[in-house]
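*Asks:* turn this into a model:
(one chain, ligands or ions: 1)
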Amino acid sequence: MQKIGILGGGQLGMMFIQNALSYPVEIHVLDPSPEASCAPIAHRFVVGDFNDYDTVMRFAQEVDIVGIEIEHVNLQAMKDLKAMGKKVIPDPDVLEIIQDKGLQKEFYLQHNIPTAPMKNEDDFPVVQKLHKGGYDGKGVKILTEKNRLEKFDEASVFEELADIALELAVIVARNEQGETAIYPVVEQVFNPTYNLLDYLLTPARIDEETAKRAQEIALKVVNAFQSPGIFAVELFLNKDGEIWVNETAPRVHNSGHSTIEAAYCSQFDMMLRVLMNYPLGSTQLKCKSAMLNIIGAENQWGEAEPGGLDALLGVPGAAIHWYAKKITQPGRKMGHATFVGDNFEWIISQIEQVRDALKSIEKKV
Ligand code: ADP
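*Replies:* Numbers count the residues shown, from 1 in each chain. Below is the predicted model:
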C-alpha cells in the first residue's frame, strides 16, 4: 500500500484522514503535539517538530509521498527530499515563496497578478505584514498617523489598504500533469473581535462576471506556481470592482470546509487525488452552504466540549466537525459547523438561531 506522510496533524490533517480512510492508502502524520487532532486516527503518528530538518528527513524515509497541512515546515528538508527523488507536494520552491510574504508579493507583481500595490512604510494609511510567522491575521497591522508607533520591528511588506467590499477565496487543485480543477468562489465574513473567519458562504453572492474573474485570477496564480497541490487563493473584491490577490495557502483551507457536505468532491478528497495522482474530482456543488467556525467562548480555559450541539443537530442538513482539541481557549478554532440548503436567507436564519450557543466551552464535571 502507498504510504502518504503529512507534515502537521491538526484539524486539516484530521479531515484529510477521515476521507482517506476510504482508500487503499496508509496515512502517516508528523506533529509536535501528542494530543494533535490526527493522533488517534493516523495509521502512524509521530510526535516531532516539522520545522526540524532531521525530524522531517527521518519521518519521510518511511513514506512514499510527502504532503502538508501547514506551510511552515522545514524547507531545506523538503528540497532535499525532492532532490533525492521523493514525491513532495506542493513543490518546495512554491513553499519557499509562500512562506515569505515579501517573496509572495514579488511573485504576484512579476507575474502580473493583481494585488495590493507596495507602498512606502510611512505613507499612511498602510498595511504592514510580517514576512514570516504571521497567521490568522496576527502578523498584519493597519498603520495610520495615530497608531504608527505600534509598527512591528521585524522585516515586513508594506502595501496599500484595500477598500474591501467582500473577501473571497477560490480553491484550485492542480495535478502532476498540470490539469486543474477550480471550486466555486467562497465569500468570507469576518468576526471583527478576533479577526478570525466568522462564517462563509458558497457560492459567493456576487454576479457571474465577477465570479468568473475571481476564478480566472486564482487559476492564473496556481498555474504560475507550476506545482501540483491544493491551493486556496484569498482575494479582496474592492468597492471599485477590482479584485486583488491577498495571499495563497498551498494546502487545504478553512474556506473549503463546506465542500465536504456541498461538493461532489471535497477539498480533502481532491488533496488525496492529487497526492496519489488519481483523476481530479468534480468541483460541482450539490447545494448552497455556509460554514461557521466553532470558537472558544470568552473566559473558558478548561477541557473542551461543544456547547449548543443539540441546537445545531436540530437544523435539517447541518453537520458538526469537532476537532478533538483537548483544551478550550477564548477565540481558539475548536470545530466548525456546515449548513446546507437551497437559499442563503434560510441558511443564515439557521446560523443566527444557533450561533450564540454554538461555542466551545469547558466540560462540565
Ligand atoms: P494572515 O496570513 O495572518 O491570515 P492576511 O494577509 O490574510 O493574514 O490578512 C488578514 C486580514 O487582514 C485579511 O483577511 C484582511 O481582512 C486584512 N487585510 C490584509 N491585507 C489587507 C489590505 N491590503 N487592505 C485591507 N485589509 C487587509
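
*Asks:* from here on, just use CA atoms for contacts and neighbour counts.
*Replies:* OK.

*Asks:* select the longest helix from the protein.
*Replies:* helix 208-225 (DSSP state H).

*Asks:* packing partners of it?
*Replies:* With contacts defined as 3 or more CA pairs under 8 Å, 6 or more residues apart in numbering; DSSP states H and E, helix 208-225 has these neighbours: strand 164-174, strand 229-238.

*Asks:* just checking, what packs against the longest one?
*Replies:* Counting contacts by 3+ CA pairs under 8 Å, 6+ apart, strand 164-174 is packed against strand 180-182, strand 186-191, helix 208-225, strand 229-238, helix 267-276.

*Asks:* OK, contacts around the residue nearest the centre of the chain?
*Replies:* Nearest to the geometric centre of the chain sits residue 253, at 2.2 Å (CA atoms, centre = their mean). Residue 253 is in contact with 12, 232, counting by CA atoms under 8 Å, 6 or more residues apart in numbering.

*Asks:* follow-up on the earlier one: out of the helices and strands packed on helix 208-225, nearest to residue 219?
*Replies:* With CA to CA as the criterion, residue 219 lies closest to strand 164-174 of those, at 6.8 Å.

*Asks:* and that closest one, is it in reach of the ligand?
*Replies:* No - shown here: strand 164-174 not in contact with the ligand (CA under 6 Å from any ligand atom), separated by at least 6.5 Å.

*Asks:* coming back round to it: mean pLDDT and mean neighbour count added to the helices and strands packed on helix 208-225, as JSON lines?
*Replies:* Listed next are the helices and strands packed on helix 208-225 as JSON lines, based on pLDDT from 0 to 100; neighbours: other CA atoms under 10 Å:
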{"stretch": "strand 164-174", "mean pLDDT": "97", "mean neighbour count": "24"}
{"stretch": "strand 229-238", "mean pLDDT": "98", "mean neighbour count": "24"}
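
*Asks:* of those strands, which is nearest residue 264?
*Replies:* With CA to CA as the criterion, residue 264 lies closest to strand 164-174 of the helices and strands packed on helix 208-225, at 14.2 Å.

*Asks:* in its sheet, what does the closest one sit against?
*Replies:* Partners of strand 164-174 in the sheet, by DSSP bridges, are strand 180-182 (antiparallel), strand 186-191 (antiparallel), strand 229-238 (antiparallel).

*Asks:* so which of the ones you listed is nearest residue 75?
*Replies:* For the strands paired with strand 164-174, the distance to residue 75 is smallest for strand 229-238, at 16.2 Å, taking CA to CA.

*Asks:* what bits of this structure have low per-residue confidence?
*Replies:* Scanning the chain for pLDDT under 70 picks out the ranges 191, 194-197.

*Asks:* and it, which residues reach the ligand?
*Replies:* Near the ligand, when you scan the chain using CA under 6 Å from any ligand atom, you find 116, 127, 134-140, 159-162, 246-247.

*Asks:* what subset of the residues you listed is buried?
*Replies:* 116, 127, 139-140, 159-162, 246-247 (16 or more other CA atoms under 10 Å).

*Asks:* sorry, back to before: let's have the helices and strands packed on strand 164-174 in a markdown table, adding distance to residue 283.
*Replies:* Formatted as a markdown table, the helices and strands packed on strand 164-174 follow (distance: least, CA to CA, whole Å):
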| stretch | distance to residue 283 |
| --- | --- |
| strand 180-182 | 6 |
| strand 186-191 | 13 |
| helix 208-225 | 13 |
| strand 229-238 | 13 |
| helix 267-276 | 9 |
